[in-house]
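Enquirer: dropping the sequence and predicted coords here.
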Amino acid sequence: QVQLVESGGGLVQAGGSLRLSCAASGRIFSSYAMGWFRQAPGKEREFVGGIRWSSGSTYYADSVKGRFTISRDNAKTTVYLQMNSLKPEDTAVYYCAAGPSSLVIWGSLSSADYWGQGTQVTVSS
């Protein structure tokens, strides 16, 4: 069993930055990947980006490339989502998820084995 806890959400003005954290506990397989997803009101949950534990390879949705950066701290089994140049359209609940590499290579929600509880990010214009 794996537990995921997100933190770091909040309210920020457009153009600002936030860093989200996802702390994982339990049995994390080295073959696993960690992904970030978001869901805005009235919209479907969508892939933001992710990282593979073993290689550190990162993947991003086109909408966040060049603005968001994902990193990991293996010792703390924590994954970070650094969000810069935030836009009002980035407003959503952000979730981290754990699963096989297809989770982040294809941004596949159905590949997630575990989900965090989510953290709200609100970007004001």
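Expert: Alright, I've got the coordinates. Numbers count the residues shown, from 1 in each chain.

Enquirer: can you give me the buried ones in the worst-scoring helix or strand of the chain on mean pLDDT?
Expert: Among the helices and strands of the chain, helix 102-105 carries the lowest confidence by mean pLDDT, DSSP states H and E, at a mean of 92. For helix 102-105, a neighbour-count test (16 or more other Cβ atoms under 10 Å) marks Leu103, Val104 as buried. All C-beta spots, glycine's among them, are computed from the backbone N, C-alpha and C.

Enquirer: how about the contacts made by Asp73?
Expert: Val79, Tyr80 (Cβ atoms under 8 Å, 6 or more residues apart in numbering).

Enquirer: could you tell me how many residues sit around Ser54?
Expert: Per other Cβ atoms under 10 Å, the neighbour tally for Ser54 reads 11.

Enquirer: mind listing what it touches?
Expert: So Ser54 contacts Ser30, Ser31 (Cβ under 8 Å, 6+ apart).

Enquirer: start at 19, not 1
Expert: OK, 19 is where the count begins now, so the last one is Ser72.

Enquirer: could you say which helix or strand contains it?
Expert: Using DSSP states H and E, Ser72 sits in no helix or strand.

Enquirer: tell me where the protein has strands.
Expert: 20-25, 28-31, 36-44, 51-57, 64-70, 76-78, 86-91, 96-101, 110-117, 132-133, 137-142 (DSSP state E).

Enquirer: what residue lies at the spatial centre of the protein?
Expert: Closest to where the C-alpha atoms of the chain average out (Cα atoms, centre = their mean) is Trp54, at 2.1 Å.

Enquirer: give me the low-pLDDT residue ranges for this protein?
Expert: Within the chain, no range satisfies pLDDT under 70.

Enquirer: let me have the strands of the chain in JSON lines, adding distance to Gly125 as columns.
Expert: JSON lines is the format used below for the strands of the chain (distance: least, Cβ to Cβ, whole Å):
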{"stretch": "strand 20-25", "distance to Gly125": "17"}
{"stretch": "strand 28-31", "distance to Gly125": "24"}
{"stretch": "strand 36-44", "distance to Gly125": "16"}
{"stretch": "strand 51-57", "distance to Gly125": "7"}
{"stretch": "strand 64-70", "distance to Gly125": "3"}
{"stretch": "strand 76-78", "distance to Gly125": "7"}
{"stretch": "strand 86-91", "distance to Gly125": "13"}
{"stretch": "strand 96-101", "distance to Gly125": "14"}
{"stretch": "strand 110-117", "distance to Gly125": "10"}
{"stretch": "strand 132-133", "distance to Gly125": "15"}
{"stretch": "strand 137-142", "distance to Gly125": "18"}
